[in-house]
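Participant: how would this look folded up:
(one chain, ligands or ions: 1)
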Amino acid sequence: MDNYDVVVIGAGISGLLSALALSREGKSVLILEKEDYVGGVCRSYEVDGYRLDTGPHAITRLENGPFKELMNRYFDVIPQFVPFGKYYVRIGSEIKPFPWNINAWFSFGLLPKTDRLLLMKSLFNALYMLTNGTDLSTIPISDLLPQNISINSKRFINWLCYFTVGTSVENTSVSRFIDNKTNKGDSIRYIGKLYDLLISEGATDQGYPKGGLQSIINSILTSFPENKVKIKTNEEVINIQCNGKIEKVITKENSYDCNTMIYSGFASNLPKLVDNLPTNYVENLLSIKNVNSLTIWLGLTKKIFKNYGSQMWIDSDPFAWVVPTTNYDPTLAPNGNQLVGFAFTLPDEYNASKMRKQAFNAILEIEPEIEKHIDMIHYQNLIPEKASWSINSGFGDVKTPIKNLYCVGTDTEKRSAGVSRAAYSVLRCLKIMKSDGNL
Ligand SMILES: Cc1cc2nc3c(=O)[nH]c(=O)nc-3n(C[C@H](O)[C@H](O)[C@H](O)COP(=O)(O)OP(=O)(O)OC[C@H]3O[C@@H](n4cnc5c(N)ncnc54)[C@H](O)[C@@H]3O)c2cc1C
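Facilitator: As a prediction, this is how the structure comes out:
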């Protein structure tokens, strides 16, 4: 198989899902991956007998979302998901389930009652502004926050912004929180949002893949039709040649003729790979800001985190999301030990070793008992989203100015986040390729 219908650059989940869909639709596909492994930031590996994921993951919208749609359409083997459980909010030593609806919000004793009332008022103001036709994509959440709320209430909102958008309340647009699963037109969207707000039971459609993230990647790989997909690792693409349309792709070692290409690396790197892109297109790509994260994985000789679910640490510095993955699948650690991922969001610029120390100290400050039970420690500095949906920064798109060159990944589609966002981008790419006559 030397000639391919499509070349996919990058074997992260968006590149692999694209290759699976296209090969299932009858295309032959070549995947070029610069690393010596596939999966990008959605995979697992072993450290001292523990199976670690690339950051703790909740796979979202599993009942009725884009990833489910791709699994139904193209997977031979569906990974087994177990419920992700509750999200617990932790402030000091107090822990309570996340308040998903109004009822829970009014009895959510971790934040002062007056703050909860004031925040509710701000939320209804935002919803009113929406129905009014106000463009909320340029209004930061901080503009709508009441002035006199407590530090904990401010940190609670900031935590949500950092972990859902990857940036602070000052840079998060109000519209980011109006993103809705239905996506069926505005009036239904708002009604859906209000419905969620009033009676939602929380994240009931989220799961963790048994065996770790790697089982998702393995399901994709085993679902490739025979002789339709070739993956080449250690093949970094350094130039994409076009003459009105895509013609050739050059890697450090080889070159490949190419008619149609899907690029799943950083959209902000595209101008380095393709010459003569339009200036305004390049300017937008260069203004994209990615999200930085640090995960500390601890293997513990004692089960410290007993609740089934994850914890949102509001008063740790930096903010943390704590996910004991062995509560979902005990086989991820040896001898009944507990494996816990502590994910921290990081600023745009940071000193890696300083942040590691600070984050580790934050863990011990909140849960000092951990120190005498550490059996394994492993650090990961990774980029969860290639673009944060923040105010005043750019965002990529699936379509490009070059005929037959498409982009997928978390910097090309604004809906949702992480794996769901990657899946939305792939579905959109397939739709556009169809309307371009390439599928
Ligand atoms: C700490 C952390 C927590 C997360 N939590 C969640 C969560 O709870 N829920 C969720 O859904 N998601 C979560 N995610 C995010 C999710 O894992 C990612 O959004 C998703 O895996 C991104 O996939 P991708 O294919 O778009 O990008 P990537 O995985 O970055 O893949 C891009 C691939 O392209 C390759 N590449 C780039 N340039 C080139 C080139 N020039 N030539 C060849 N190859 C190239 C790269 O090596 C890489 O393999 C989390 C991620 C992290 C790090």
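Participant: what separates stretch 384-400 from the chain centre, distance-wise?
Facilitator: Distance of stretch 384-400 from the chain centroid (C-alpha atoms, centre = their mean, to the nearest Å) equals 13 Å.
Participant: got the buried residues for it?
Facilitator: 384-391, 393-398, 400 (16 or more other C-beta atoms under 10 Å). The C-beta positions use only the backbone N, C-alpha and C, and glycine is treated the same way.
Participant: For Val89, the count of nearby residues, please.
Facilitator: Counted with other C-beta atoms under 10 Å, residues neighbouring Val89 total 20.
Participant: Setting aside sequence neighbours, what's the nearest residue to it?
Facilitator: Met312 (5.0 Å; C-beta to C-beta, 6 or more residues apart in numbering).
Participant: try Phe98
Facilitator: Nearest non-adjacent residue to Phe98 (C-beta to C-beta, 6+ apart): Tyr87, at 4.0 Å.
Participant: Then Gly55?
Facilitator: Thr295 (4.7 Å).
Participant: what about the one you found, which helix or strand?
Facilitator: In this structure, Thr295 sits in strand 292-300 according to DSSP states H and E.
Participant: From the chain's centroid, how far away is that strand?
Facilitator: Centroid separation for strand 292-300 versus its chain: 16 Å, with C-alpha atoms, centre = their mean.
Participant: before we move on, what about stretch 309-327?
Facilitator: 16 Å.
Participant: Flag every residue of the stretch 101-250 of the chain that's near the ligand.
Facilitator: When proximity is defined by C-beta under 6 Å from any ligand atom, the stretch 101-250 of the chain lies next to the ligand at 236-237.
Participant: one step back: and the residue nearest to Val89, how many neighbours?
Facilitator: Neighbour tally, Met312, other C-beta under 10 Å: 20.
Participant: what's the answer for Ile220, then?
Facilitator: Ile220: 25 neighbours (other C-beta under 10 Å).
Participant: Now for it: which residues touch it?
Facilitator: 13, 16-17, 20, 75 (C-beta atoms under 8 Å, 6 or more residues apart in numbering).
Participant: and it, that's in a helix?
Facilitator: Yes - read with DSSP: H, G, I helix; E, B strand; the rest coil, Ile220 is one of the residues of a helix.
Participant: Quick check, pLDDT for it.
Facilitator: At Ile220, the pLDDT value in this model is 98.
Participant: and the end-to-end length of stretch 290-308?
Facilitator: 31 Å (C-alpha to C-alpha, to the nearest Å).
Participant: Would you map the helices across the protein?
Facilitator: 13-24, 66-74, 102-106, 113-131, 141-144, 151-164, 186-199, 214-223, 270-273, 279-286, 352-366, 418-435 (DSSP state H).
Participant: ranking the ones you listed by mean pLDDT, which is last?
Facilitator: Among the helices of the chain, helix 186-199 scores lowest, with a mean of 58.
Participant: before we move on, the earlier item: so the residue nearest to Val89 makes contact with Thr164?
Facilitator: No - proximity of Met312 to Thr164 does not meet the contact threshold set by C-beta atoms under 8 Å, at 11.1 Å.
Participant: Overlap of the contact sets of these two?
Facilitator: Residues touching both Met312 and Thr164 by C-beta under 8 Å, 6+ apart: none at all.
Participant: Any residue of stretch 86-100 touching the ligand?
Facilitator: No - Stretch 86-100 lies apart from the ligand when judged by C-beta under 6 Å from any ligand atom; the minimum separation is 11.0 Å.
Participant: cool, and stretch 395-405?
Facilitator: No - under the criterion of C-beta under 6 Å from any ligand atom, stretch 395-405 makes no contact with the ligand; the nearest approach is 10.7 Å.
Participant: Many thanks, I have nothing further to ask.
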